[in-house]
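1. 3D, please:
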Amino acid sequence: MSTVRSEDDSWEITESVGATALGVASARAAETRSENPLISDPFAQVFLDAAGDGVWNWHSAPQLPDELLEAEPELPLQMQAMVGYMASRTAFFDEFFLTATRAGIRQAVILAAGLDARAWRLSWPDGTTVYELDQPRVLDFKLSTLTEHGAEPACNRVAVPVDLRHDWPTALREAGFDPSAPSVWSAEGLMPYLPAAAQELLFDRVHALTVPGSRVAVEALGPKFLDPALRAKRRERMDRVRALMARVDPGRQVPRTDELWYFEEREDVGDWFRRHGWSVTVTPADELMAGYGRTVPKEVEDAVPGNLFVAAERPA
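-> Okay, here's the model as predicted:
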């Protein structure tokens with residue numbers, strides 16, 4: 001998986017940021033298979049099967065080698081906690097979209113849609129249009145894979161193939177989006193992949209495209225993201241796991257997505273929306289997970305992102 005970022009980089013679904021979408025699909029597939037799943041995403045495994053084997057199959061692969069488990073006994077607990085995190089995150093955005101559209105909003109925008117299959121798997125009210133924005137090759141892979149699988153969208157799905165660093169507002173309007181009508185938006189799994197200035201620009205553009213009654217949900221970075229001690233601890237642990245795995249099972253890769261992230265100071269997302277007149281609710285990840293019955297064991301708390309789930313509504 002290429003980890004070199006540049007100002008105008010792009011990627012296939014199995015490369016760079018694209019491969020992280022497969023990694024999230026792997027977690028959603030694991031949750032869907034579990035005994036008491038919080039979410040149901042039957043398409044996650046379809047994407048994994050289409051992509052073949054790779055680093056992204058971390059959560060869906062066979063049992064870990066005994067030697068690795070002896071050296072890192074907490075690893076299964078860490079992996080399960082991450083699956084619980086991804087399931088809680090998915091449920092949060094699922095509910096956010098459905099609540100907004102049931103309240104009458106008929107335009108939904110998924111920023112950096114990746115392998116999010118909500119356009120196919122959610123019960124959208126009649127007349128809802130879902131705009132999916134992402135790199136062209138990512139959207140092509142998603143549509144061709146689900147079409148081959150015989151799946152049909154459960155809404156009016158409109159793909160908007162565009163890089164979010166380019167003029168995506170124009171592309172969105174040209175695809176049929178009406179900025180004079182209320183809309184509901186998501187930015188899930190996106191913030192660490194954006195430099196601080198790009199995050200600011202993204203929210204400026206969303207604000208310019210929304211009217212009163214519109215809603216936005218963001219998986220925002222929390223204070224843990226820039227904590228140097230936690231970052232070093234996480235890196236040291238993953239380096240240990242990678243080195244041991246390379247010895248005991250050389251064909252199996254261990255993901256390391258933080259090489260794709262931008263560790264930069266940036267404005268708190270909740271504060272940004274409040275400053276622009278939105279009504280805001282912020283739920284820390286541990287509270288969100290506990291609310292869904294996915295409380296993280298104390299000994300692996302630092303293995304789960306300390307992100308903040310921001311729900312904002314633009315009042316009349």
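2. please report the distance of Pro37 from Arg137.
-> Here the criterion is CB to CB, to the nearest Å. By it, Pro37 lies 30 Å from Arg137. (Glycine included, C-beta is placed from N, CA and C.)
3. so if I had to pick from those two, which one is more boxed in?
-> Neighbours were counted for Pro37 and for Arg137 using other CB atoms under 10 Å; Arg137 has more, 16 against 13.
4. could I get the pLDDT score of that one?
-> pLDDT, Arg137: 89.
5. likewise the one 10 residues further on?
-> Per-residue confidence for Thr147 comes out at a pLDDT of 96.
6. name the element it belongs to?
-> Thr147 is part of helix 136-148, with elements assigned from DSSP states H and E.
7. and that helix, what does it pack onto?
-> helix 16-33, helix 44-51, strand 156-161 (3 or more CB pairs under 8 Å, 6 or more residues apart in numbering; DSSP states H and E).
8. can you tell me which of those is most buried?
-> helix 16-33 (a mean of 24; mean count of other CB atoms under 10 Å).
9. hang on, the earlier thing: nearest to Glu265, of the helices and strands packed on helix 136-148?
-> Closest approach to Glu265 among these (CB to CB): helix 16-33, 21.6 Å.
10. counting contacts, what elements does the closest one pack onto?
-> Using 3+ CB pairs under 8 Å, 6+ apart, helix 16-33 is in contact with helix 44-51, helix 75-102, helix 136-148.
11. cutoff 7 Å now
-> Counting contacts by 3 or more CB pairs under 7 Å, 6 or more residues apart in numbering; DSSP states H and E, helix 16-33 packs against helix 44-51, helix 75-102.
12. as a markdown table, those helices with distance to Ala154 and mean pLDDT would be great.
-> Shown next, in a markdown table, are the helices and strands packed on helix 16-33 (distance: least, CB to CB, whole Å; pLDDT from 0 to 100):
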| stretch | distance to Ala154 | mean pLDDT |
| --- | --- | --- |
| helix 44-51 | 15 | 88 |
| helix 75-102 | 11 | 93 |
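13. who wins for proximity to Leu146 among these?
-> Closest approach to Leu146 among the helices and strands packed on helix 16-33 is made by helix 44-51 (6.9 Å; CB to CB).
14. next, the angle from that closest one to helix 75-102.
-> For helix 44-51 against helix 75-102, the angle by axes from the mean of the first three to the mean of the last three CA atoms, to 10 degrees is 110 degrees.
15. how many residues are close by the nearest residue in space to Pro212 that is not next to it in sequence?
-> Spatially, and ignoring its direct neighbours in sequence, Pro212 is nearest to Ala316 (4.3 Å; CB to CB, 6 or more residues apart in numbering). Using other CB under 10 Å, Ala316 has 6 neighbouring residues.
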